[in-house]
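**Student:** curious how this folds, go ahead:
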Amino acid sequence: MSKAVLPSTTLPLFYGFIIYISVQPILYWMVHKRFDQGHKIFFLGMMVVMSITILKNMSVIKDNLIIFLGIYMLWLINLGLNLNPIGKATFAHFQPILLPVLGINFGYLIARDRPDILANIYSGSYKLGLALSVIIISYFLLVQAGYIVYFGASSLIFIPIFWAFLEKKWTPFVLFILILLLTGKRSSLLAVTAVLVLSVVRNIDSKSALILLGAPSCLLLGLELFSDINSILFKRYETMIEALGSIDVLSLTLSANELNLLNEATSGRINDFIGAANALNQNSIFWLTGKGIGGTFQVITTGPLWTTHYSHFTPISYVFLGGAILLIAFYSKLISLFVYSVKTIDDFYSMLFIYWFIMALIGGAIYFTDPFIWLFVGVVVYKKRYKKYTR
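**Tutor:** Residues are numbered from 1 along each chain as shown. Model prediction:
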């Protein structure tokens with residue numbers, strides 16, 4: 001393994017991406033809206049590094065998903081060129097096909113030949129958490145002061161949360177949980193809670209479990225004592241609770257009011273799911289084959305129609321692109337890694353995988369766009385194959 005590419009580029013790109021994605025909302029609202037696309041520079045840079053490293057090492061691992069994608073991509077190209085006009089979406093749809101190939105191979109090489117990079121990510125989590133805390137507090141204060149109108153900071157604070165939990169550093173753990181609440185990110189809160197509860201169920205001692213289950217409740221109670229329940233901090237979480245509480249779980253359908261509440265609670269996620277489903281319903285065969293590269297659909301919003309090429313609900317994004325065939329291929333792989341990660345949940349990278357697996361279902365089509373996530377999928381692939389239970 002060459003030591004010229006990996007150590008000099010991977011960590012700077014990784015940390016640069018984390019810091020940028022965290023300050024991006026501030027830059028977007030207070031400087032210029034073009035900063036909304038700045039993360040793509042890090043994505044492209046990571047993909048270039050992955051490609052160069054894989055070619056330089058002439059190493060492509062034998063993986064069923066990678067082999068399948070190499071074959072099925074030809075079908076998706078042919079289908080897409082016949083069904084859809086060539087445009088931005090055509091080129092964008094190559095990304096969700098190439099990312100698993102690049103990311104799994106690259107992450108596998110890092111786990112196999114440069115475990116020190118993974119160790120540095122783990123050991124640097126505390127300092128990362130402090131930096132993210134400063135950024136998130138700044139964002140929250142700017143929202144409270146009225147300089148930013150949208151409450152919902154981008155954040156990767158879950159990384160230091162998992163580090164603090166595994167290290168049993170309870171003061172930083174409580175601090176980072178509080179910071180997570182300040183982001184206003186409901187999907188992140190749900191995913192972090194799910195990972196930590198799974199860990200408790202698996203093998204955490206009773207003292208750790210008590211702290212885990214009690215700390216968030218105490219924080220929320222304390223915040224309520226010093227905050228008006230209608231404050232900006234609680235409105236987002238109240239919307240989610242109200243939406244979930246309004247649903248008749250025995251009913252197989254949703255009323256218009258329930259649908260609207262869910263859509264508001266999920267920041268429009270329900271509507272873009274419906275948009276993708278409506279496009280697939282144009283021909284029932286699309287549910288099996290997808291619409292191929294270049295396919296787009298319209299999302300109904302309170303404003304003008306919004307055209308996009310993927311849904312925030314990852315499973316239907318794969319169905320839209322390549323049908324049930326592509327969905328089964330991806331989730332056969334991801335579910336097997338999820339099961340492994342639950343069994344080895346005291347491993348830091350297993351926790352990260354579980355978090356992203358859940359987020360892909362409730363928070364966004366992150367497998368479609370993010371090469372860093374696929375890098376860590378490759379790490380888990382290596383750990384599963386060689387039973388490497390390390391942090």
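**Student:** let's verify residue 346: helix, strand, or coil?
**Tutor:** coil (DSSP: H, G, I helix; E, B strand; the rest coil).
**Student:** can you check residue 307 too?
**Tutor:** Counting by three-state DSSP, the backbone at residue 307 sits in strand.
**Student:** I'd say it and residue 279 touch.
**Tutor:** No. If you go by C-beta atoms under 8 Å, residue 307 and residue 279 don't touch, sitting 10.5 Å apart. Bear in mind the C-beta positions are built from the backbone N, C-alpha and C, glycine included.
**Student:** common neighbours of these two, please.
**Tutor:** Common contact partners of residue 307 and residue 279 (C-beta atoms under 8 Å, 6 or more residues apart in numbering): 296-298.
**Student:** any low-confidence regions in this protein?
**Tutor:** 1-8, 203-269, 301-304, 388-391 (pLDDT under 70).
**Student:** who touches residue 91 in this structure?
**Tutor:** By C-beta under 8 Å, 6+ apart, no residues touch residue 91.
**Student:** pull out the buried positions in the one helix or strand residue 356 maps to.
**Tutor:** Using DSSP states H and E, residue 356 sits in helix 348-362. Going by neighbour count (16 or more other C-beta atoms under 10 Å), the buried part of helix 348-362 is 348-360, 362.
**Student:** again, but for stretch 95-115
**Tutor:** By 16+ other C-beta under 10 Å, the buried positions in stretch 95-115 come out as 95-114.
**Student:** can you map out the helices along the stretch 101-250 of the chain?
**Tutor:** With DSSP state H, counting those that start in this stretch, the ranges of helices along the stretch 101-250 of the chain come out as 115-123, 125-144, 158-167, 170-183, 186-203, 206-226, 232-246.
**Student:** related to what we said a few turns ago, now, which of the buried residues of helix 348-362 sits nearest residue 76?
**Tutor:** Nearest to residue 76 out of these is residue 360 (C-beta to C-beta; 19.8 Å).
**Student:** okay, the nearest residue to that closest one once chain neighbours are set aside and residue 57: tell me how far apart.
**Tutor:** Leaving aside its sequence neighbours, residue 360 sits nearest to residue 314 (C-beta to C-beta, 6 or more residues apart in numbering; 4.0 Å). To residue 57, residue 314 is 30 Å away according to C-beta to C-beta, to the nearest Å.
**Student:** pick out whichever of those two has more residues nearby.
**Tutor:** The residue with more neighbours, out of residue 314 and residue 57, is residue 314; 25 against 16, by other C-beta atoms under 10 Å.
**Student:** isn't residue 318 up against residue 332?
**Tutor:** No. Between residue 318 and residue 332 there is no contact under C-beta under 8 Å: 11.6 Å.
**Student:** the two: which is more packed in?
**Tutor:** Under the criterion of other C-beta under 10 Å, the comparison of residue 318 against residue 332 puts residue 318 first, with 26 against 13.
**Student:** for the more buried one, helix, strand, or coil?
**Tutor:** helix.
**Student:** roughly how far apart are residue 21 and residue 78?
**Tutor:** Look at residue 21 and residue 78: by C-beta to C-beta, they are 35 Å apart.
**Student:** neighbour-wise, which of these two wins?
**Tutor:** Comparing residue 21 with residue 78 by neighbour count (other C-beta under 10 Å), the higher total belongs to residue 21, at 18 against 12.
**Student:** quickly find the element holding the more buried one.
**Tutor:** In the assignment (DSSP H and E), residue 21 maps to helix 6-30.
**Student:** name the helices or strands packed onto that helix?
**Tutor:** helix 39-57, helix 95-113, helix 115-123, helix 125-144 (3 or more C-beta pairs under 8 Å, 6 or more residues apart in numbering; DSSP states H and E).
**Student:** adding distance to residue 168, write those helices out as JSON lines.
**Tutor:** Formatted as JSON lines, the helices and strands packed on helix 6-30 follow (distance: least, C-beta to C-beta, whole Å):
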{"stretch": "helix 39-57", "distance to residue 168": "32"}
{"stretch": "helix 95-113", "distance to residue 168": "25"}
{"stretch": "helix 115-123", "distance to residue 168": "14"}
{"stretch": "helix 125-144", "distance to residue 168": "13"}
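**Student:** ok, which of those helices comes nearest residue 66?
**Tutor:** Closest to residue 66 of the helices and strands packed on helix 6-30 is helix 95-113 (C-beta to C-beta; 5.2 Å).
**Student:** just the CA atoms of that closest one, as CSV, please.
**Tutor:** Output in CSV follows, covering the C-alpha atoms of helix 95-113 (Å, rounded to 0.1, in the frame of the first residue of the first chain):
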residue,chain,number,x,y,z
GLN,A,95,-22.7,9.0,-8.5
PRO,A,96,-24.9,6.5,-6.5
ILE,A,97,-23.5,3.7,-8.7
LEU,A,98,-19.9,4.6,-8.5
LEU,A,99,-19.7,5.6,-4.8
PRO,A,100,-20.2,2.0,-3.5
VAL,A,101,-17.5,0.8,-5.9
LEU,A,102,-15.0,3.5,-4.9
GLY,A,103,-15.9,3.7,-1.2
ILE,A,104,-16.0,0.0,-0.4
ASN,A,105,-12.6,-0.6,-2.1
PHE,A,106,-11.0,2.5,-0.5
GLY,A,107,-12.4,1.9,3.0
TYR,A,108,-11.3,-1.7,2.8
LEU,A,109,-7.7,-0.7,1.9
ILE,A,110,-7.6,1.8,4.8
ALA,A,111,-8.9,-0.8,7.3
ARG,A,112,-6.4,-3.4,6.0
ASP,A,113,-3.3,-1.3,5.5
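**Student:** related to what we said a few turns ago, so which of the helices and strands packed on helix 6-30 gets nearest residue 387?
**Tutor:** When the helices and strands packed on helix 6-30 are compared (using C-beta to C-beta), the closest one is helix 95-113, at 12.2 Å.
**Student:** next, the angle from that closest one to helix 39-57.
**Tutor:** 60 degrees (axes from the mean of the first three to the mean of the last three C-alpha atoms, to 10 degrees).
**Student:** list the helices and strands helix 95-113 packs on?
**Tutor:** Where contact means 3+ C-beta pairs under 8 Å, 6+ apart, helix 95-113 is packed against helix 6-30, helix 39-57, helix 64-83, helix 115-123, helix 314-343, helix 366-369, helix 371-386.
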